[in-house]
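Engineer: have a look at this fold, sequence not included:
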């Protein structure tokens, strides 16, 4: 399957729309536990799927690297990076919340969806 049809698959498009709606509207309107987790699940489904469409031979590595970087991002180990960018006045932040790691369940689902002709 070529990359263009992959990018038009319904679950990928739904995850991108859900991510955008959640990040630009729902989080500000409702700001609760559910909206916090929704972005993680949708993002971890869409992000590696998108890049794997352009680099299909590297799909497994993309999914593994996405998981590793997500764990780093959500852990206190990344705090030094945030301290560094805050020192230079860049307003970028995240919340250390290990319960966000449950969103890693999106990765195998996304990988399976990428490698099948299942068109839901």
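Structural biologist: All right, it came through fine. Small disclaimer: the values here were computed from a predicted structure and weren't measured.
Engineer: tell me which other helices or strands the helix or strand hosting residue 62 touches.
Structural biologist: Using DSSP states H and E, residue 62 sits within helix 59-74. Here helix 59-74 touches helix 33-54, helix 106-114, going by 3 or more CB pairs under 8 Å, 6 or more residues apart in numbering; DSSP states H and E. Quick note: C-beta positions are derived from backbone N, CA and C, even for glycine.
Engineer: hmm, who's touching that helix?
Structural biologist: Residues from elsewhere that reach helix 59-74 (CB atoms under 8 Å, 6 or more residues apart in numbering): 40, 44, 47-48, 51-52, 55, 78, 94, 96-98, 100-101, 103-104, 107, 110-111, 114-115.
Engineer: report the buried residues of that helix.
Structural biologist: Across helix 59-74, burial judged by 16 or more other CB atoms under 10 Å covers 59, 62, 63, 66, 67, 70, 74.
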